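Enquirer: What shape does this take:
(chains A, B, C and D)
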Number of protein chains: 4
Amino acid sequence: MIGSLKFDYKISTQSVWCKVIYIDKNAKNVENSVMKTIKPYLHKVNYYETDKMGITHHSNYIRFMEEARVDFLDQIGWSFIKLENEGMASPVMSVEGVYKKSTAFPDVIEIMVGIEKLSPAKLTFSYEFKSKGDVVFLGKSTHCFLDKNGRPVLIEKQYPDFFADLKEIYGA
Amino acid sequence: MIGSLKFDYKISTQSVWCKVIYIDKNAKNVENSVMKTIKPYLHKVNYYETDKMGITHHSNYIRFMEEARVDFLDQIGWSFIKLENEGMASPVMSVEGVYKKSTAFPDVIEIMVGIEKLSPAKLTFSYEFKSKGDVVFLGKSTHCFLDKNGRPVLIEKQYPDFFADLKEIYGA
Amino acid sequence: MIGSLKFDYKISTQSVWCKVIYIDKNAKNVENSVMKTIKPYLHKVNYYETDKMGITHHSNYIRFMEEARVDFLDQIGWSFIKLENEGMASPVMSVEGVYKKSTAFPDVIEIMVGIEKLSPAKLTFSYEFKSKGDVVFLGKSTHCFLDKNGRPVLIEKQYPDFFADLKEIYGA
Amino acid sequence: MIGSLKFDYKISTQSVWCKVIYIDKNAKNVENSVMKTIKPYLHKVNYYETDKMGITHHSNYIRFMEEARVDFLDQIGWSFIKLENEGMASPVMSVEGVYKKSTAFPDVIEIMVGIEKLSPAKLTFSYEFKSKGDVVFLGKSTHCFLDKNGRPVLIEKQYPDFFADLKEIYGA
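Expert: Numbering: from 1, shown residues only, chains lettered A, B, ... in the order given. This is a model prediction of the structure:
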């Protein structure tokens, strides 16, 4: 499902860095042409995020996806605040997630974000959550874009710089 | 702490109703002069509100206080939406709470809201949470009032009708 | 996506009731053979469930799905507490949701739950959220079943009564 | 209210460190006798923690207090997990908080935790939240201690090492 992404981790003493290698639609490996170094987002599970089963409540993963998405946009130079200052809102159109293994307090979850799909009007992020070396969750979220008046816009037209940067990462 | 409120419950088949009897500042019982029938707010503890101790996470009680406050204002004819339409915002200045007994999924918590203090600029609510007949939590929250421009206002001057209704309930 | 469910609403003064008509896998309408009256679950959006966009934060819908699922199981006679007393845990394997229209404080969301898929080991619920007459969200969640020792079990074998009841509702 | 704590910040390029200077009950400055270097806990406000007023919802501060308390106990060598492994639970008996200034997404809140009161059976933490140089919130939480069987215990007797470390920090 998230098969269009490959993660090549390099672990240093202080932090985990990661090369994200995007594979194009036609299954040709474009490792050389598109390569970006993006730091995974780390979320330490909080006590209040657990439930009576003793594990992280599943609803919180949707929130962690948002945290990681915010961080990802920061890293590529398009923070939420910058986007909001340009008058853009970016509501969630859909989410999905597959829970592979449970996590618990105080596990650290390492989240890699990728761009799964990009069209002139919509953007789909993919998320890979790892903890203690195991994939614990795979997620996706799709977003559209609204202007100052709450009307849907084509990012390609309305925000060409943002679209160009997304496209470069997407590797299309 | 919540000694200035007395609750006189009447339980019917479908719902629990309650007379709230306010006692004035000088400790004189004013039972006859001030009497209001207000329905307690019911919150059924959700699974996602529990934590790994198996009980309702303490932070949620602050949220239940807000739910009950919203419901109380609805019942006295001053819903949040009506207040917002009049341009008013009412931020929380302080909260406090004492946890008497734990609750768990799927307990029903019955919340009585009272007016603890009322001044021209500030309003303090008191909250009594009961479950299975026991008091489980006592809380308070203090609020000020802002106008459309985010400036603090005297409710007594700016919103005299709202203040008059609060004053009547408060029994001052 | 939620095409295998049909909802036939009857609205009275106090509450909304609903006949859920299940359509079988082979697309034959089995309206007459399987019919159940299940009350939709109502969630009133809380102030603390909104975000700075002024709308209900999308992550909360996953929580509302759980609230509705808990209520649905209560209605069919298999409450979470009863299931837990039988030693069963039922973790979430996957969730998905499509946001059709935003909701806001203090909207009431009416949630219909149905059984989308049922196999000896897995159960998929479907959810239809309506507010002010419009569909605002469509969701699904898939669950497996664990015994007292946290081992996956076949519900069909381990909990035959529960499975039989689900099967009857599912209409297979 | 939190007058018994003084914070002496040292800001380096990467992180903010802080000397916490405790002042004893009799208002004598015991700066020289008791001094501990504890790193403030940093919480970056998440989008989902905002509400429709555009600010961080007040209930979340109670959660941030827990995050900071967990981190504080980690730093002094008594993590929640270690305490739980010793069979201890530490429920919240009371909380209180005063909101001084609002915060918003994506503000970073810097939280200093101190020990406000220590008795053989109870522990009160104090919290100072700062953002952009201003104090935004002051809080307190009081905790008791339960053993494996859920019975209240005297930490001084049951967990003498933990009590001794708290006492040293408290400076009594």
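Enquirer: strand partners of the helix or strand containing residue A:126, parallel vs antiparallel please.
Expert: With elements taken from DSSP states H and E, the one containing residue A:126 is strand A:123-131. Paired neighbours of strand A:123-131 in the sheet (DSSP bridges): strand A:108-118 (antiparallel), strand A:134-143 (antiparallel).
Enquirer: For the longest one, give the mean pLDDT please.
Expert: The average pLDDT within strand A:108-118 is 97.
Enquirer: Check stretch A:133-147 too.
Expert: Mean predicted confidence for stretch A:133-147 is 97.
Enquirer: you'd agree residue A:159 is up against residue A:87?
Expert: No. At 9.3 Å, residue A:159 does not count as touching residue A:87 under the criterion of Cβ atoms under 8 Å. All C-beta spots, glycine's among them, are computed from the backbone N, C-alpha and C.
Enquirer: Look at those two and report which has more neighbours.
Expert: The residue with more neighbours, out of residue A:159 and residue A:87, is residue A:159; 20 against 13, by other Cβ atoms under 10 Å in any protein chain shown.
Enquirer: Report the contact partners of the more buried one.
Expert: A:83, A:86, A:88, A:145, A:153 (Cβ atoms under 8 Å, 6 or more residues apart in numbering or on different chains).
Enquirer: if I look at it, how far off is residue A:90?
Expert: 10 Å (Cβ to Cβ, to the nearest Å).
Enquirer: quick one: common contacting residues for those two?
Expert: By Cβ under 8 Å, 6+ apart, the residues touching both residue A:159 and residue A:90 are A:83, A:145.
Enquirer: circling back to that earlier point, and the strand holding residue A:126, how far out from the chain's middle?
Expert: 5 Å (Cα atoms, centre = their mean, to the nearest Å).
Enquirer: give me the low-pLDDT residue ranges for chain A?
Expert: Applying pLDDT under 70 to chain A picks out residues A:1-36, A:172.
Enquirer: Would you tell me which residues of it are close to chain D?
Expert: By Cβ under 8 Å from any Cβ of the partner chain, the part of chain A that sits against chain D consists of A:46-48, A:63, A:66-67, A:70, A:79-81, A:105-106.
Enquirer: give me that answer again for 7 Å
Expert: Contact residues, chain A versus chain D (Cβ under 7 Å from any Cβ of the partner chain): A:46-48, A:63, A:66-67, A:70, A:80-81, A:106.
Enquirer: Tell me which residues of the strand holding residue A:126 come out buried.
Expert: A:123-131 (16 or more other Cβ atoms under 10 Å in any protein chain shown).
Enquirer: Out of those residues, which comes closest to chain D?
Expert: residue A:125 (14.2 Å; Cβ to the nearest Cβ).
Enquirer: can you pull up the bridge partners for the closest one?
Expert: Bridge pairing for residue A:125 (DSSP bridges) gives the partners residue A:115, residue A:141.
Enquirer: Please report how far it lies from chain B.
Expert: Relative to chain B, residue A:125 is positioned 24 Å away (Cβ to the nearest Cβ, to the nearest Å).
Enquirer: what's the closest non-adjacent residue to the spatially most central residue of chain A?
Expert: With distances taken as Cα atoms, centre = their mean, residue A:113 lies nearest the centre of chain A, 2.9 Å away. Using Cβ to Cβ, 6 or more residues apart in numbering or on different chains and skipping the chain neighbours, the partner closest in space to residue A:113 is residue A:72 (3.9 Å).
Enquirer: Any part of whichever strand or helix holds residue A:94 near chain B?
Expert: For residue A:94, the element it lies in under DSSP H and E is strand A:92-99. No. Counting by Cβ under 7 Å from any Cβ, chain B is not contacted by strand A:92-99; separation bottoms out at 14.6 Å.
Enquirer: what helices or strands is that strand leaning on?
Expert: Here strand A:92-99 touches helix A:60-75, strand A:134-143, strand C:92-99, going by 3 or more Cβ pairs under 7 Å, 6 or more residues apart in numbering or on different chains; DSSP states H and E.
Enquirer: Kindly export that strand (C-alpha atoms) in CSV.
Expert: Provided in CSV are the C-alpha atoms of strand A:92-99 (Å, rounded to 0.1, in the frame of the first residue of the first chain):
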residue,chain,number,x,y,z
VAL,A,92,-8.6,16.5,5.4
MET,A,93,-10.7,14.7,2.8
SER,A,94,-10.0,11.2,3.9
VAL,A,95,-7.8,9.2,6.2
GLU,A,96,-6.9,5.5,6.5
GLY,A,97,-4.7,3.5,8.7
VAL,A,98,-3.6,-0.1,9.3
TYR,A,99,-2.5,-1.0,12.8
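Enquirer: List the buried residues in that strand.
Expert: The neighbour-count check on strand A:92-99 (16+ other Cβ under 10 Å) flags A:92-99 as buried.
Enquirer: now swap in stretch A:151-168 and tell me
Expert: Quick answer for stretch A:151-168 (16+ other Cβ under 10 Å): A:153, A:155-156, A:158-159, A:162-163, A:166.
Enquirer: thinking again about what came up before, going through the contacts of residue A:159, which ones are buried?
Expert: Buried, going by 16+ other Cβ under 10 Å: A:83, A:88, A:145, A:153, out of the contacts of residue A:159.
Enquirer: what's the most distant pair in the residues you listed?
Expert: Greatest spatial distance in these: A:83 and A:153, 12.1 Å, computed using Cβ to Cβ.
Enquirer: Just name the most buried of the helices and strands packed on strand A:92-99.
Expert: Most buried of the helices and strands packed on strand A:92-99 by mean neighbour count (mean count of other Cβ atoms under 10 Å in any protein chain shown) is helix A:60-75; its value is a mean of 22.
Enquirer: Fine by me, we can end here.
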